[in-house]
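J.: How does the following fold in three dimensions:
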Amino acid sequence: MRHKKIYLLLAMIGATSAWTVANENQVKASSKSPVYRLYNPNSGEHFYTTNFYEGNSLKNVGWLDEGIGWQAANSGAPVYRLYNPNVKGGDHYYTLSNYEAQSLVKAGWRWDNGAKPVFYSAGTVNLYVAYNPNTKSGAHNYTTNFFEQNSLLKVGWKYGATAWKTMPSDSLPGTPAGWTIDRPMDIENYSTQTYAYKQCTWWVYNRAKEFGINYGLYMGNGKDWQNQSGYQVTSTPQLHSAVSYKAGQDGADPTYGHVAFVEKIRPDGSILISQSGTGYNTLFSYQVLSKEQASRLRYVIGK
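T.: From the prediction side, this is the model:
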């Protein structure tokens, strides 16, 4: 549809305005609901819904289940869904702007969900939208995964922007009993410039930066960090350093090894580490290593 670009730009303006109002009013969600993400291999469209039965009905007619897309707030600034019947395969669009939604309806789109909100914008997590100018159906992608967003922009998708806010998808683990950390994590701002989201290298690179400690953008796999030139490496645990495992060492990946971040060291020689890359459904985890376990590893001191 020839007005799609205009509508998308309106959406960004409307989304920014709507979120500003919501933020100023300190909109908070009382609870959250999982958003089911489905994919139509025949049209290339993604579909997002909090309705489990709606998701199941689509799977029954050939849509592919891509799991949970994000956690939507159950209150906040309303997000609307519209449907374009005038393109082959149809197309859905989501927007915070009621004005934009009404403009699309006047241009031939249809209200979906009886013109009622399908989600609400509230929370601390950015949800990004990208636009594919080379297709009609499935022209917009919505994700909280910054790595996915950047990957689309690199292959020609346009207008990368924050569409609205969502709730945290992962339950952040508490520190083990009796342990503390020196600084909380600001994970929303973690970069995926060269290290993939939820990989061990992504975690250590970003966690270290929160302490003003820098590692290179191309340190290799976890096992490689201890062999990088220009860094001091020791077998004595160092606070806020990267701890590098050889391939297969103490349960590390047999090919890539592992790297973690030293959060705390106790006088008895035991250490607390934080780490990612232990399973895609886990954002990060803590682990306590005994003095004996810690002494077997190599510690890479950042700059």
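
J.: distance of Glu210 from Tyr231?
T.: Distance of Glu210 to Tyr231, computed by Cβ to Cβ, to the nearest Å: 19 Å. Where C-beta positions appear, they are placed from N, C-alpha and C, glycine not excepted.

J.: Report the distance from stretch 61-76 to the chain centre.
T.: Relative to the centre of its chain, stretch 61-76 is centred 14 Å away, using Cα atoms, centre = their mean, to the nearest Å.

J.: what does that stretch rub up against?
T.: Contact partners of stretch 61-76, identified using Cβ atoms under 8 Å, 6 or more residues apart in numbering, comprise 22, 27-42, 46-48, 50, 55, 59, 119-123, 125, 127, 142-144, 165-169.

J.: I only care about the residues you listed that end up buried; give me the ChimeraX line for that.
T.: In ChimeraX, this line selects whichever of these come out buried by 16 or more other Cβ atoms under 10 Å:
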select :22,27,29,32,33,34,35,36,37,38,39,40,46,47,48,50,55,119,120,121,122,123,125,127,142,143,144,165,166,167,168,169
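
J.: Can you show me the helices along this structure?
T.: Along the chain, counting by DSSP state H, helices occupy 4-24, 52-59, 98-106, 146-154, 200-209, 291-295.

J.: The third one - contacts with which helices or strands?
T.: This means helix 98-106. Helix 98-106 sits against helix 4-24, strand 77-84, with contacts defined as 3 or more Cβ pairs under 8 Å, 6 or more residues apart in numbering; DSSP states H and E.

J.: And those, which one averages the lowest pLDDT?
T.: Mean pLDDT per stretch puts helix 4-24 lowest among the helices and strands packed on helix 98-106, at a mean of 39.

J.: Beta-bridge partners for the nearest residue to Asp112 once chain neighbours are set aside, please?
T.: What sits nearest to Asp112 in space, not counting adjacent residues and going by Cβ to Cβ, 6 or more residues apart in numbering, is Arg81, at 4.2 Å. Counting by DSSP bridges, Arg81 forms beta bridges with Tyr94.

J.: ok, now which ones touch Arg81?
T.: Contacts for Arg81 were tallied using Cβ under 8 Å, 6+ apart; they are His92, Tyr93, Tyr94, Asp112, Asn113, Val118.

J.: filter the residues you listed to the buried ones?
T.: His92, Tyr93, Tyr94, Asp112, Val118.

J.: Out of the residues you listed, flag the one nearest to Gln199.
T.: Nearest to Gln199 among the buried ones among the contacts of Arg81 is Tyr94, at 29.3 Å by Cβ to Cβ.

J.: The closest one and Asp112: what is the separation?
T.: Tyr94 is 9 Å from Asp112, by Cβ to Cβ.

J.: what touches both of the two?
T.: Shared contacts of Tyr94 and Asp112 (Cβ under 8 Å, 6+ apart): Tyr80, Arg81, Leu82, Val118.

J.: The last one: what's its closest spatial neighbour, skipping adjacent residues?
T.: Counting by Cβ to Cβ, 6+ apart, Arg81 is the residue found nearest to Val118 once chain neighbours are left out, at 4.4 Å.

J.: same deal with the first one?
T.: For Tyr80, ignoring the flanking residues on the chain, the nearest one in space by Cβ to Cβ, 6+ apart is Ala101 at 4.6 Å.

J.: For the chain, give me the ranges with low pLDDT.
T.: Residues of the chain meeting the criterion pLDDT under 70: 1-30, 169-171, 279-281.

J.: distance of Gln277 from Cys200?
T.: Quick fix: residue 277 reads Gly, not Gln. Taken as Cβ to Cβ, the span from Gly277 to Cys200 is 3 Å.
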